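A.B. asks: Build me a model:
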Amino acid sequence: MREDKNSQPSQKGQWQKKPWFWPAVYAGGAVMLAAMLFGYSTLVTKVEEAPQPDLAQVEPGPVVETNARTETMKYPFKEANLDKVQVLQEFYDVEADPKSREKALMVFNQTFKTSSGVSLAMNGEEFEVVAAMSGKVLEVKLDEFTGNKIMLEHPNGMQTHYSSVKDIVVKTGDQITQGQQIATSTDNQWNPTAGNHMHFEVLDNGAYVNPKKLLGFTPSE
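C.D. replies: Numbers count the residues shown, from 1 in each chain. Have a look, this model is predicted:
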């Protein structure tokens, strides 16, 4: 009986010898691979077709103002007062004529100091001081002796300074628009002969420049 059992060929070996066996195995593997690729493709398609947010319902972020970068500088006072404003002291320019340079010298305790801006007055009366350009309040210095000072920085890299002012209505960090009132002119102890006035300075890349060249105005002398 044992010899009969051992002499019978293995059924597994018989199936493998069939001419259609291996092609069937390969075909089955190909079908499984195709099914896997199809499933992966379907998954990727669903991800790509995921609904996008409705842009109309998305809250917009902060709008960055760019107009301030191209602003033209305006007067540091109400334009309607242009005919009433006098230039008490000029910007000291080494290339200017002797009369202009003399007018740009300030005297305190018998010491001369050159003016780094222009001192503006209006018949000794108080007047509103406004921002010459839009920008940010860089600093507010309070000093009754030399005169309170407001420093603004602007998107174009320039700065404007307003000295000998009172009733200041802005503080450090405030965003200011061109023409907005920031203070009122006044007098100070350092330059008492000027009376009620406002000293206006302009810096371009850290260097003082003549405000009159940028403004192009000729107030009454």
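A.B. asks: what are the ranges of the helices in this protein?
C.D. replies: Counting by DSSP state H, one finds helices in the chain at the ranges 2-7, 11-17, 21-48, 98-103, 211-215.
A.B. asks: Relative to R101, how far out is K78?
C.D. replies: To R101, K78 is 30 Å away according to C-beta to C-beta, to the nearest Å. Backbone N, C-alpha and C define where each C-beta goes, glycine included.
A.B. asks: Dig out what the nearest residue to K78 once chain neighbours are set aside forms beta bridges with.
C.D. replies: Computed as C-beta to C-beta, 6 or more residues apart in numbering, the closest residue to K78 that is not its neighbour in sequence is E128, at 5.8 Å. With DSSP bridges as the criterion, E128 is bridged to T184.
A.B. asks: Quick check, pLDDT for E128.
C.D. replies: pLDDT recorded at E128 is 97.
A.B. asks: quick one, what contacts it?
C.D. replies: Contacts for E128 (C-beta atoms under 8 Å, 6 or more residues apart in numbering) come out as F77, K78, Q181, T184.
A.B. asks: pLDDT and neighbour count for these - can I get that in TSV?
C.D. replies: As requested, the contacts of E128 are exported to TSV (pLDDT from 0 to 100; neighbours: other C-beta atoms under 10 Å):
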residue	pLDDT	neighbour count
F77	96	22
K78	94	16
Q181	97	15
T184	97	16
